[in-house]
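In: Sequence and computational prediction follow.
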Amino acid sequence: MHPELFEVPVVHLMIRSYGVMMVVGFISAVTVIRYLSRHFTSNPQHITNAALYSLIAGVVGARTFFVIHYFNEFRDNPLGVFEIWNGGLELLGGVLLAIAVIWFYIHYHKLPMRHYLDVLAIGLVAALVFGRIGCFLNGCCYGKPTDLPWGVQFPYGSFAYRSQVQADPERNRSLPYVDLPDSYFGYRDAQGEYIPGLRPMSELTPEQRALVMHGQYRGLPVHPTQLYSSAGAMLLGFILLLFLRRSQRSEDSGVYPLLARPGTTFSLMFILYGFGRFLMEFVRDDNPFEVASLTVSQLLSLSLIALGIVLTVYFAKAEPERLPVSNKATAVQTQKIRTRT
């Protein structure tokens with residue numbers, strides 16, 4: 001767990017690992033989309049423009065989703081909504097708003113919608129791979145306690161540790177996992193205000209530090225759900241790439257078998273990602289239950305699956321999206337030149 005990588009001197013700006021991994025994910029997504037779009041366009045400028053807009057939308061959506069999810073934390077501090085540098089982004093909200101912005105951009109410029117959406121799906125999954133690694137470094141999106149050999153132990157003061165030493169009525173947990181004594185709670189900050197929460201490590205005695213680092217009050221190992229999600233995104237990206245190549249071969253031949261029309265790769269992303277995220281919530285331990293012991297992420301996942309099914313049926317019945325002959329010919333010629341060089 002390394003939520004903070006380094007501090008920029010003079011301005012004292014802390015560079016956080018989650019933000020860095022989001023940038024790495026964005027660059028990887030743009031690179032993947034530009035490469036895969038060579039099949040149908042020789043001008044990737046639209047992709048770059050749409051990606052920049054989606055980056056802004058992704059940050060806004062991720063922050064908005066977090067604020068809605070944890071609205072009670074901002075009741076007494078409305079301006080805290082804008083303090084992104086203090087952490088608080090939820091990847092799913094960012095992905096949904098980014099997709100909406102890209103869809104609007106493609107529609108506005110009258111681009112081949114389904115072709116762009118297909119490669120966009122794989123680019124988003126590539127971003128998700130790195131985004132979830134950022135979650136791991138930040139310590140958020142943690143899993144339930146486990147005895148499995150690959151369980152990860154987060155340190156004192158982390159999100160997972162704070163959850164384990166407190167009851168969580170929103171997850172129907174009336175008792176904490178770790179029965180931490182009251183002496184570890186309550187301190188005064190630099191302004192002298194009393195804070196009832198977990199005491200900082202610097203406020204603990206040497207004996208207390210030993211107990212939370214190596215003794216009976218250390219955090220329990222948990223499922224590394226962030227790495228599960230990252231590995232799952234890699235697998236999902238590979239599956240979607242197979243469907244994209246199949247769709248491209250079908251377009252070249254003019255024969256479209258089941259799940260091969262343009263747009264299908266995009267719709268399958270919703271189904272497969274939604275299914276995987278729904279299952280992942282059963283081993284995560286951070287999101288509160290909303291309806292029938294389901295988290296908001298599971299409810300959204302069910303909506304994504306339903307949307308994916310509707311889009312799959314629509315694309316299967318709709319006429320294949322035809323590319324302009326000049327556009328496709330130019331793309332093919334450009335791809336041949338790049339291959340020779």
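Out: Alright, I've got the coordinates. Since this is a predicted model, take the numbers as computed values, not measurements.
In: Low-confidence regions, the stretch 51-200 of the chain specifically.
Out: 80, 82-92 (pLDDT under 70).
In: Tell me which stretches of it form strands.
Out: According to DSSP state E, counting those that start in this stretch, the stretch 51-200 of the chain carries its strands in the segments 185-188, 194-198.
In: just the stretch 201-341 of the chain next, same as before
Out: Using DSSP E, counting those that start in this stretch, strands in the stretch 201-341 of the chain cover 289-291, 294-295.
In: neighbouring contacts of stretch 272-279?
Out: Contacts with stretch 272-279, where a contact means Cβ atoms under 8 Å, 6 or more residues apart in numbering, come from 92, 125, 229, 232, 236, 239-240, 297-298, 300-305, 308. C-betas here are computed from N, CA, C, even on glycine.
In: If we use 7 Å, what do you get?
Out: With contact meaning Cβ atoms under 7 Å, 6 or more residues apart in numbering, stretch 272-279 is reached by 232, 236, 239, 297, 298, 301, 302, 304, 305, 308.
In: Give me the distance between the first one and residue 302.
Out: Right, the one you point to is residue 232. Distance of residue 232 to residue 302, computed by Cβ to Cβ, to the nearest Å: 18 Å.
In: between these two, which one's more packed in?
Out: Taking neighbours as other Cβ atoms under 10 Å, residue 232 and residue 302 compare with residue 232 leading, 21 against 15.
In: nearest spatial neighbour of that one, skipping sequence neighbours?
Out: Distance criterion Cβ to Cβ, 6 or more residues apart in numbering; nearest residue to residue 232, sequence neighbours excluded, is residue 276 at 5.1 Å.
In: Quick check: the one you found vs residue 235, distance?
Out: Distance, residue 276 to residue 235, using Cβ to Cβ: 9 Å.
In: Same check on residue 296?
Out: 25 Å.
In: wait, doesn't residue 129 sit right on residue 233?
Out: Yes - Residue 129 lies in contact with residue 233 (Cβ atoms under 7 Å); the separation is 4.5 Å.
In: domains of the chain?
Out: The chain resolves into domains spanning 4-144+224-241+317-340, 159-213 when parsed by automatic domain parsing.
In: Can I get these in JSON lines including distance to residue 249?
Out: Converted to JSON lines, these look like this (distance: least, Cβ to Cβ, whole Å):
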{"stretch": "domain 4-144+224-241+317-340", "distance to residue 249": "10"}
{"stretch": "domain 159-213", "distance to residue 249": "46"}
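In: from memory residue 144 sits against residue 285, does it?
Out: Yes - applying Cβ under 7 Å, one finds residue 144 in contact with residue 285, separated by 4.3 Å.
In: Counting neighbours, go ahead and name the busier of these two.
Out: With neighbours defined as other Cβ under 10 Å, residue 144 and residue 285 compare such that residue 285 has more, 22 against 19.
In: what residues are up against the more buried one?
Out: Applying Cβ under 7 Å, 6+ apart, we find residue 285 in contact with 142, 143, 144, 163, 222.
In: count of residues packed around the first one?
Out: Neighbours of residue 142 under the rule other Cβ under 10 Å: 27.
In: Give the burial count for the residue nearest to it when sequence neighbours are not counted, as a bare number.
Out: Sequence neighbours aside, residue 160 is the residue nearest to residue 142 in space, at 4.0 Å (criterion: Cβ to Cβ, 6+ apart). Using other Cβ under 10 Å, residue 160 is surrounded by 27 other residues.
In: quick one: residue 160 and residue 220 touch, right?
Out: No - between residue 160 and residue 220 there is no contact under Cβ under 7 Å: 8.3 Å.
In: Pull up the overlap in contacts between the two.
Out: Counting by Cβ under 7 Å, 6+ apart, nothing touches both residue 160 and residue 220.
In: So what would you say the end-to-end distance of stretch 212-232 is?
Out: Start-to-end span of stretch 212-232 (Cα to Cα, to the nearest Å) is 33 Å.
In: What lies in contact with that stretch?
Out: So stretch 212-232 is contacted by 129, 132-133, 135-136, 141-146, 150-156, 160-161, 164, 177-178, 180, 211, 276, 280, 283-285 (Cβ under 7 Å, 6+ apart).
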